[in-house]
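Trainee: Provided below are the primary sequence and the corresponding predicted coordinates.
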Amino acid sequence: MRFNGLKKAAMAGLGAAIGAGFALTAAAETPKMGGILDFVVAGQIPSYDGHLETTFAMIHPIRPFYSLLIRVNPDNPSSPTDFVCDVCEGAVPNPTDDGKTYVFKIRTDVTFHNGAPLSSKDVKASFDKIAFPPEGIASARRTFFKMVDSITAPDDTTVVFKLKYASGAFIPAVATPFNFIYSKDDLDKHGYHWHEKNINGSGAFMFVQHQPGAFTEGKRYPGYHLKGKPYLDGFKAIEAPKMAIRLQAIRGDRAAIEFRGFPPKARDDLVAALGDKITVQESDWNCGLYFTPNHTRKPFDDVRVRKALTLAVDRWGGSKYLSQIAIVKTVGGIAFPNHPLAATKEELQQLAGYSTDIKASRAEAMRLLKEAGAEGLEFTLLNRAVDQPYKVVGTWLIDQWRQVGLKVKQDAKPTGPFFDSLRKSKDFDVSMDFNCQSVVNPLVDVSKFLGSAGNNYGQYKDPLMEDLYDKMNREGDPKKVRQYMRQYEKQALDEQAHMGLTLWWYKINPHRSYVKGWKIAPSHYLNQSLDNVWLDK
Amino acid sequence: MYKYIVTRLLLAIPTLLGAALLVFILLRAVPGDICEIRLGGTGLYADPKQVELCRENIGLNDPLYVQFGDFVTGYLTLDLGQSMWTGQPIGYEIGLRFKLSLQVAIMATLVAVLIAIPLGTISAIKQNTWIDYLVRTFSIAGIAIPSFWLGIMIILGLLIGTQAWFGEAWMPPIEYVSPFEDPLGNLSQLIWPAVATGYRYSAVATRMTRSALLEVLREDYVRTARAKGLLEKIVINRHALKNAMLPVVTVITLEFAFLMGGLVVTEQVFNLNGLGRLFVDSVLNHDFTLTQQLVMLVVFIFVMTNLVTDIFYAWLDPRIRYS
C-alpha cells in the first residue's frame, strides 16, 4: 500500500513536472543573460574532429564551438523535417535543375574564433573533406553524400552542390551535427589532422580547455553571428560515465542536465526527490532496436522460422510494460515514427508481428515452426552487455519466444567482442541489433535493412529490396517514395522477415527547471549548439 | 644493502619484460577492434575502407613483432607513445590522472592505518573481551562490504541527509580540484572515497595487526620485558608492536600499490578521473597502447613497492640483513 502511495505521488509529481515544462515552454519568457551551464556527459571525447567521430560524447561538449551550414530548427527540433540556415542566409534553399542543384548563400557576418571571416571557401573545404576526403583521411559520413557530384564556391558568398541524382536524403545529410565548418586556412596550413586536437570554430562558444576524462570548458563568443546569443557566459561539460553519478549530480545540483537520456525509473526518482525543481522532456528517439537472425545458420535460413520469431513478439504489450523500465516505447516500422514516410498504425497492423491479437499471432508462429520442423528450437541470442536498453529488451525477447516453445539463452558481450561477433566472426544465431542516427533521414536510415549494407549483419541477399531502395532514393514524388517505402518495409519485416524490430527507443531528459531554452530532439546528437539555452536562476 | 637494491632493480627487468609480453599477447587475443568501435559503435555503417585506414593510421596493421618492438623500445626510452583512442601522448593522459590516484591512495592508506593499528592493538590486548568482539565484527564487516557499495551508500546518505536537514541536496564535487588551488574543495571530494576504500583496507590490516601482535605477545622477550617490571605501555609500543608490524607493513604496502591502479569501481562511483577509470576506458575502447603502458606502470609500482617493503623490513627488524 505504501509503495502504491509513493508511486502515485511520484507519478503525480511527474505529471506536474512535465506539465510545468510544457506550460513554461509555451509561455514566452524573456531569456536572461549570464551563468555557466554545467552538464554531464556519459562518454569520453575521442578527438575533436566531427568529420571523423561518431559519438555523442564528442558532440555534446564540442558542437557548441562550431557552426554548421544548416541545422535542425532549435525552436522546433522535434520536427524531423524542419531545417534552418546556420551560416547560410535566409531559408534552406529549394533545389533547381530537377532537384539536382542546391545553391546556398553564405552569411557575410560570420567569423571564426581567431577573428578570420568565414566564407564559402571554408564551407566548400569542409564538405569536400567530408564527402571526398583525400587519400589517407578518414570521414565517418562519406557515404551520406554519395549522391553529391561536385561542390563549388563560385564566389565568397555562394556554395553550389551538384547532385548525381535528385535525393530527399541530401538536405538531412547536410544538417547532420557532425558537419562542422572548418577554416580552409587551418586545413591548408595545418593539414587534415589538425582538428583532431585543436579547435577553431565559429560557434556560439569559444574553447577554453579540455581535461581528458574530466571536463571541457567553453566561454561565450562575443562575435557570434546570431546577434544577442548565446545567453550563457559559458558551459562546462563534465564527463561522468556512470549513470548513477549523472543522476545524483542533477539531484545534488552538481550538474543541471544530461542531454542523452535516462530510464523511466531515474526520471521518477528525480521527480519524487525534487518535485517542480525538475522539468522532464520526452520524445521518440531515432534509434531502432532490432533482432537479426543469421541467415547463413540453420534454421534461420528458413523464412518460416524468421517469421515465427517476429510473430511471437507482443510489441503493443511490450510497449506498455517495457516503457516503465527501459528506454524503449514506441511501436513502429522501419521509418522513424510519425515521420511522413513512417507507417500508420493501420499500415503497421498489416505486418507480421504487429497484430493486436497476440494469441492469433503466436498460434501462427507455432504453426510455422512446426511446418519448418523447428518446434522447441534452442538457440543463443547474442547481445551487447549494456543494460539500457539491450539486456532489458533481450531478456524480454527471450520470454516472448519462450511463449511459442523456443528455448533461448542470452550471451551478452562487451562492446568490442559484440561487434567482433557481428562483423568479423559472424558466429551468432540471432543478435540484438540497433541503428542510432542523428538527423531523421529515413531514406538513408532504412539502408540498414539492405543485405548489402555495411551495418547489416543478417548475411542475406535480397535483390528486390536493393531495387526498391534504389527506386525510392531516386524518386522525386513524395507519394511514390512513400509507396516504395511500404513495399520495402513489407519485404524486410514480413515477406522475408529478414530482421525484426522490437521497439523504438524513447528519450527522457529530466533536468533542473532553471535550464530554459533547450528543447528535446528525436536524437541525442541534435540541438546541441547551446546558443538558445539560458538559466533562470 | 646497496648491492641488494641494485640486484633487485636488475631482477625487475625480466619481470617487466615478462609482464610486457603477457599483456601484449592477451590484449590481442581479446576479440574486438578499436576502429570498429570508433566508426561503428553506435550502429552506424563502418565503411571497411575507413576502418582499414584507421587501423593503418594507428599502426594496427604493422606486424606484431614491430608493434611489440615499438612498445618495449618506447617504454625503455620513456617515450610511451600516443593513445590510440584520443591521439594524446600517453605520458600526458597518465600524468593527468596520476596525482589524483596518488592522493586517494595516500589518503586511503592514512585512513586505514589510523583505524587499523589502534583497533588491532586494542583487540589483541583485550583478547576475547567484548571490545575484541566489537573490533572483530567491525573489521569483518569492512571485509564483507564492497567499497563501491559503501561509496554509493555514502553518496545517497549525503544527498538524502542534506536534503532532509537543509532543504537542498548536497553531494561531493564530481570534478577534481588540486589541493593547492582549493584545499577544502579537494578534501570535500576525496575524503569520501578515501573513507570508503580505507575502511575495507583497514579491516584486513586490523585483523593482521591483531593476529601478529597476539603472536608476538607470547614471545619470551615480551615475557622478559614484563618480568623486568616495564610499564605495559612500553612493552606494547616498544617491544611488541614494532616487531608485529612486519606482516602489517606487507599488507599495507601491497594494498597501496593496488590502490594506485585498482580503484576501478570506487573511481566510477565517485566520478574520479583516476588511473583505475582510465584503465577501464582503455580496455573497453581496445586502446592497446594505453592499456599496455598502464599495466607496465602498475607492474612498476608493485616492483618498487615490494623493494621499499623489503628495505622497511630491515629497519623494523635488525635481524634482517640483505647483504
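Mentor: Here it is on my side, so go on.

Trainee: hang on, isn't B:Ala203 packed against B:Thr137?
Mentor: No: the pair B:Ala203 and B:Thr137 fails to qualify as a contact (C-beta atoms under 8 Å) at a distance of 10.5 Å. Heads up, the C-betas are built off the backbone N, CA and C, glycines and all.

Trainee: And the average pLDDT for stretch B:20-31 is what?
Mentor: Stretch B:20-31 carries an average pLDDT of 89.

Trainee: Likewise for stretch B:120-135?
Mentor: The model assigns stretch B:120-135 a mean pLDDT of 94.

Trainee: What lies in contact with that stretch?
Mentor: B:119, B:136, B:205-211, B:213-214, B:217, B:236, B:241, B:248 (C-beta atoms under 8 Å, 6 or more residues apart in numbering or on different chains).

Trainee: Compare B:Ala203 and B:Thr137 and say which is more crowded by neighbours.
Mentor: Per other C-beta atoms under 10 Å in any protein chain shown, whichever of B:Ala203 and B:Thr137 has more neighbours is B:Ala203, with 23 against 10.

Trainee: what's the closest non-adjacent residue to the more buried one?
Mentor: Leaving aside its sequence neighbours, B:Ala203 sits nearest to B:Gly142 (C-beta to C-beta, 6 or more residues apart in numbering or on different chains; 2.7 Å).

Trainee: And for A:Ala273, the neighbour number?
Mentor: 19.

Trainee: so who does it touch?
Mentor: A:251, B:159, B:163, B:169.

Trainee: so the second one touches B:Trp170, yeah?
Mentor: Right, the one you point to is B:Leu159. Yes: assessed by C-beta under 8 Å, B:Leu159 is found in contact with B:Trp170 at 7.1 Å.

Trainee: Model confidence for whichever residue of the stretch 51-200 of chain B sits closest to chain A, exactly?
Mentor: Nearest residue of the stretch 51-200 of chain B to chain A: B:Met171, at 3.1 Å (C-beta to the nearest C-beta). For B:Met171, the model assigns a pLDDT of 93.

Trainee: how many other residues sit next to it?
Mentor: Neighbours of B:Met171 (other C-beta under 10 Å): 24.

Trainee: Wait, it touches A:Arg246, no?
Mentor: No: assessed by C-beta under 8 Å, B:Met171 is found out of contact with A:Arg246, at 11.6 Å.

Trainee: low-confidence ranges in the stretch 1-150 of chain B?
Mentor: The model of the stretch 1-150 of chain B has pLDDT under 70 over residues B:41-45.

Trainee: Can you name the residues of it that neighbour chain A?
Mentor: Applying C-beta under 8 Å from any C-beta of the partner chain, we find that the stretch 1-150 of chain B lies next to chain A at B:30-33, B:36-48, B:50, B:53-54, B:57, B:85-88, B:92-93, B:96-97.

Trainee: Now which of these would you call buried?
Mentor: Neighbour-count burial (16 or more other C-beta atoms under 10 Å in any protein chain shown) applied to the residues of the stretch 1-150 of chain B next to chain A gives B:31-33, B:36-47, B:50, B:53-54, B:57, B:85-88, B:93, B:96-97.

Trainee: Where does the prediction get shaky in chain A?
Mentor: A:1-28.

Trainee: got the contact list for whatever residue of it ends up closest to chain B?
Mentor: For chain A, the residue closest to chain B is A:Gly416, as judged by C-beta to the nearest C-beta, at 2.4 Å. A:Gly416 makes contacts with B:30-33, B:36-37, B:284, B:286, as judged by C-beta under 8 Å, 6+ apart.

Trainee: Mind listing what's buried along the strand or helix carrying B:Pro118?
Mentor: If you go by DSSP states H and E, B:Pro118 is part of helix B:90-125. Going by neighbour count (16+ other C-beta under 10 Å), the buried part of helix B:90-125 is B:90, B:93-94, B:96-98, B:100-105, B:107-109, B:111-113, B:115-117, B:119-125.

Trainee: ok, now stretch B:209-226?
Mentor: B:209-214, B:216-217, B:222, B:225.

Trainee: And the contacts of it?
Mentor: B:116-117, B:119-121, B:123-125, B:127, B:135-136, B:232, B:234-235, B:239-241, B:243-248.

Trainee: 6 Å instead, please
Mentor: Stretch B:209-226 is contacted from outside by B:116-117, B:120, B:123-124, B:235, B:239-240, B:243-244, B:247-248, using C-beta atoms under 6 Å, 6 or more residues apart in numbering or on different chains.

Trainee: Let's have those in TSV, adding distance to B:Val269.
Mentor: Output for the contacts of stretch B:209-226, formatted as TSV (distance: C-beta to C-beta, whole Å):
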residue	distance to B:Val269
B:Ala116	23
B:Ile117	27
B:Gly120	27
B:Ser123	29
B:Ala124	33
B:Val235	43
B:His239	42
B:Ala240	38
B:Asn243	38
B:Ala244	34
B:Pro247	30
B:Val248	27
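
Trainee: From chain A, how far off is the closest residue to B:Ser83 other than its chain neighbours?
Mentor: When the adjacent residues along the chain are set aside, B:Ser83 lies closest to B:Leu290, with 4.5 Å between them (C-beta to C-beta, 6+ apart). Distance from B:Leu290 to chain A, counting by C-beta to the nearest C-beta, to the nearest Å: 11 Å.

Trainee: Please, which helix or strand holds B:Leu290?
Mentor: helix B:288-316.

Trainee: counting contacts, what elements does that helix pack onto?
Mentor: helix B:2-29, helix B:242-262, helix B:275-284 (3 or more C-beta pairs under 6 Å, 6 or more residues apart in numbering or on different chains; DSSP states H and E).

Trainee: mind redoing it with 7 Å?
Mentor: Using 3 or more C-beta pairs under 7 Å, 6 or more residues apart in numbering or on different chains; DSSP states H and E as the contact test, the elements touching helix B:288-316 are helix B:2-29, helix B:90-125, helix B:242-262, helix B:275-284.

Trainee: Go through the ones you listed and name the closest to A:Thr216.
Mentor: Proximity to A:Thr216 (C-beta to C-beta) singles out helix B:90-125 among the helices and strands packed on helix B:288-316, at 13.5 Å.

Trainee: any idea which helix or strand comes after that closest one?
Mentor: helix B:130-144.
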